[in-house]
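# Below are the sequence and a predicted model; questions follow.
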Amino acid sequence: MATPAQRPPSVDKLARSLQESGLPHPLLVDVAREAIAAGDHESALDRAMALQRTLLQPVVNATGVLLHTNLGRAPWPSSDDGQYRNLELDLATGDRGSRQAHAPKLLARACGAESAIVVNNCAAAVMLVLAALAKNRSVAVSRGELVEIGGGFRVPEVMEQSGAKLLEVGTTNRTRATDFANAVANPDNDVALVMQVHQSNYKIVGFTEAPHISELADLGVPLVADIGSGLLDEACPWLADGPPTWLANEPAARQTLEAGASLVIFSGDKLLGGPQAGVIAGDAELVAACARHPLARALRPGGLVLASLQRLALSYLERDGQAIPFWRMATIPVEQLRARAEAVVATAGNGEVVDTMSVPGGGTLPDVEFPSAGLALPGNHREALRQLDPPVVARVADDVTTLDFRTIDPAHDGHVAQAIGGLTR
């Protein structure tokens, strides 16, 4: 029988001793019970802190990957003012309104579309378009665009779930406009849509051919372009110096619609620079058909996402790229990044300033990288940096830890200096 000195504390007493973890009492009770059941009540605080670190929290992205999927892709501030909003209230009439009447209308204006609606991600947008416009009918897609992206998203499987039928045309590396024309002209195919799909996270190079949007615009059926990454306008009028060179050949919503696409589909959290969302923009009648479909309600975003998208769309319309964190990071001159890295190294007394290369990330522009600057430390410090508050996520190669300053907010430079100052090999 255990002596009083050997007995563990009560669950409640142990839980109350863990308040420094910042977790609510019911979770601390769970932790205390687990520690006592394991016969190691002294591990309770470590267990509580480990649980706390599983929760969503801000991190410092020092990887140089601007649209880091594991870190939420585009960094965009969420709306957290705790106020009611006229989400589905027409303030002019007092009648019920539509949640698609605010941010989507602004996004349509920003990319030159007649109309737009927003759903909860790009895969949902593809699903809704196919279900609303092509159920039980064929959709012609090039064999070179039957992609799979992260998370197991496969175009053929999404098409199957939507009720549309996949009609493959062309070959993996070469598809011509005549392949689509022949497919549409054959009445046995019953083609409802022609669809182009952004190759997203890979490229086919060498002996290749693909038709331009303008070549597919007059085939007698709507042309849907999944441009994926969400670049609104190839001219980038929101940037004082125009488009960066690394954006060359990236499809943009405005130019895709001008070339003849009936609809464009794109993500909200990639090159658009906002929260996770999927945008369907283009022909007003086709957009309305998508909005009427029963799936539209199941796939609709919440008020917080729409409020964020509205602020983002207003920034685009004001041509204020500096108000959009993604574009602010993407266009910082290397000289400024190097100066920040030098200041941090001098403050920390540790590290070496190095030239680095940043990448867009997020499954966009897979072969693109552009110059940046950062600091390097001998050894693998990735785990130690992740334990900080806030955690710092860096990259390691050849036993060297590198922190790329393009993706580090300047407000975190002091935290980075303190972090690396305490590191040893």
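Ah, there it is.
# does the nearest residue to Ile324 once chain neighbours are set aside sit in a helix or strand, and which one?
Closest residue to Ile324 apart from its sequence neighbours, by Cβ to Cβ, 6 or more residues apart in numbering: Gly273 at 4.6 Å. All C-beta spots, glycine's among them, are computed from the backbone N, C-alpha and C. Counting by DSSP states H and E, no helix or strand carries Gly273.
# number of nearby residues for Gly273?
Neighbour count of Gly273, defined by other Cβ atoms under 10 Å: 29.
# One more: the one 3 residues further on?
When neighbours are defined as other Cβ under 10 Å, Gln276 has 18 of them.
# So for it, what pLDDT did the model give?
Listed pLDDT for Gln276 reads 95.
# The closest residue to Leu377 other than its chain neighbours in helix, strand or coil?
Once flanking residues are discounted, Leu377 sits nearest to Thr401: 4.6 Å by Cβ to Cβ, 6+ apart. Under DSSP: H, G, I helix; E, B strand; the rest coil, the three-state class of Thr401 is strand.
# check contacts around Thr401.
By Cβ atoms under 8 Å, 6 or more residues apart in numbering, the contact list for Thr401 reads 376-382, 385, 394-395.
# Of those residues, just the buried ones, ChimeraX syntax please.
Per 16 or more other Cβ atoms under 10 Å, the buried members of those correspond to this ChimeraX selection:
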select :376,377,380,381,385,394,395
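# From the contacts of Thr401, which land in helices?
Under the assignment DSSP state H, those contribute 382, 385 to helices.
# now the contacts of Thr401 as a markdown table including pLDDT and distance to Ala181?
Formatted as a markdown table, the contacts of Thr401 follow (pLDDT from 0 to 100; distance: Cβ to Cβ, whole Å):
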| residue | pLDDT | distance to Ala181 |
| --- | --- | --- |
| Ala376 | 96 | 54 |
| Leu377 | 96 | 58 |
| Pro378 | 95 | 60 |
| Gly379 | 95 | 60 |
| Asn380 | 95 | 56 |
| His381 | 96 | 57 |
| Arg382 | 95 | 53 |
| Leu385 | 96 | 55 |
| Ala394 | 97 | 51 |
| Arg395 | 96 | 47 |
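# Of the contacts of Thr401, which is the nearest to Ala134?
For the contacts of Thr401, the minimum distance to Ala134 (Cβ to Cβ) is 42.3 Å, reached by Arg395.
# Would you check how far apart the closest one and Leu257 are?
Going from Arg395 to Leu257 by Cβ to Cβ, to the nearest Å gives 38 Å.
# got it, and Asn136?
From Asn136 across to Leu257, the span is 27 Å (Cβ to Cβ).
# Can you pick out the residue with more neighbours from those two?
Applying other Cβ under 10 Å to Asn136 and Leu257 shows that Leu257 carries more neighbours, namely 23 against 9.
# tell me which element the more buried one is part of?
When elements are assigned from DSSP H and E, Leu257 belongs to helix 253-258.
# The helix or strand just after that helix - contacts with which helices or strands?
Next helix or strand after helix 253-258 toward the C-terminus (DSSP H and E): strand 263-267. Contact analysis of strand 263-267 by 3 or more Cβ pairs under 8 Å, 6 or more residues apart in numbering; DSSP states H and E lists helix 122-134, strand 223-228, helix 253-258, strand 278-282 as its packing neighbours.
# now the helices for the stretch 251-400 of the chain?
Along the stretch 251-400 of the chain, the stretches classed as helices by DSSP state H, counting those that start in this stretch are 253-258, 284-292, 294-299, 303-317, 325-330, 334-348, 382-386.
# So which bits of the third one are buried?
Within helix 294-299, the residues that qualify as buried by neighbour count (16+ other Cβ under 10 Å) are 295-296, 299.
# Which parts of the stretch 1-150 of the chain are strands?
Here the stretch 1-150 of the chain has its strands, by DSSP state E, counting those that start in this stretch, at 60-61, 65-67, 115-119, 138-142, 148-149.
# could you dump the ones you listed to CSV with mean neighbour count?
Formatted as CSV, these follow (neighbours: other Cβ atoms under 10 Å):
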stretch, mean neighbour count
strand 60-61, 24
strand 65-67, 25
strand 115-119, 25
strand 138-142, 24
strand 148-149, 16
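# Of those, give the one that comes closest to Asp283.
For the strands of the stretch 1-150 of the chain, the distance to Asp283 is smallest for strand 115-119, at 7.5 Å, taking Cβ to Cβ.
# what packs against the closest one?
Against strand 115-119 (3+ Cβ pairs under 8 Å, 6+ apart) you get helix 103-111, strand 278-282, helix 284-292, helix 294-299, helix 303-317.
# for it, the distance to its chain's centre please.
Its chain's C-alpha centre and that of strand 115-119 lie 17 Å apart, by Cα atoms, centre = their mean, to the nearest Å.
# the inter-axis angle of it versus helix 122-134?
Computed by axes from the mean of the first three to the mean of the last three Cα atoms, to 10 degrees, the angle separating strand 115-119 from helix 122-134 equals 130 degrees.
# ok so, going back, now, of the helices and strands packed on strand 263-267, which is deepest in the fold?
Per-stretch averages of neighbours, counted by mean count of other Cβ atoms under 10 Å, single out strand 278-282 among these, with a mean of 28.
# Touching it from outside, list them.
Residues from elsewhere that reach strand 278-282 (Cβ under 8 Å, 6+ apart): 104, 107-108, 111, 113-126, 128-129, 230, 253, 257, 261-268, 272, 287, 290, 299.
# Helix 284-292 and that one, what's the angle between them?
With the same axes, to 10 degrees defining the directions, strand 278-282 sits at 150 degrees from helix 284-292.
# Adjacent strands (with direction) for strand 278-282?
Neighbouring strands of strand 278-282 in its sheet, by DSSP bridges, are strand 115-119 (antiparallel), strand 263-267 (antiparallel).
# For stretch 231-247, buried residues please.
231-234, 236, 238-239, 243, 246-247.
# Export those to a markdown table and append columns for secondary structure.
Formatted as a markdown table, the buried residues of stretch 231-247 follow (three-state DSSP):
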| residue | secondary structure |
| --- | --- |
| Leu231 | coil |
| Leu232 | coil |
| Asp233 | coil |
| Glu234 | coil |
| Cys236 | coil |
| Trp238 | coil |
| Leu239 | coil |
| Pro243 | coil |
| Trp246 | helix |
| Leu247 | helix |
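# just those now: which is nearest Glu352?
Closest approach to Glu352 among those (Cβ to Cβ): Trp246, at 26.2 Å.
# Show me the shaky parts of the stretch 301-425 of the chain.
425 (pLDDT under 70).
# hang on, I meant the stretch 101-250 of the chain
148-153, 200-204.
# now do 80
The stretch 101-250 of the chain contains residues with pLDDT under 80 at 145-156, 172, 199-208.
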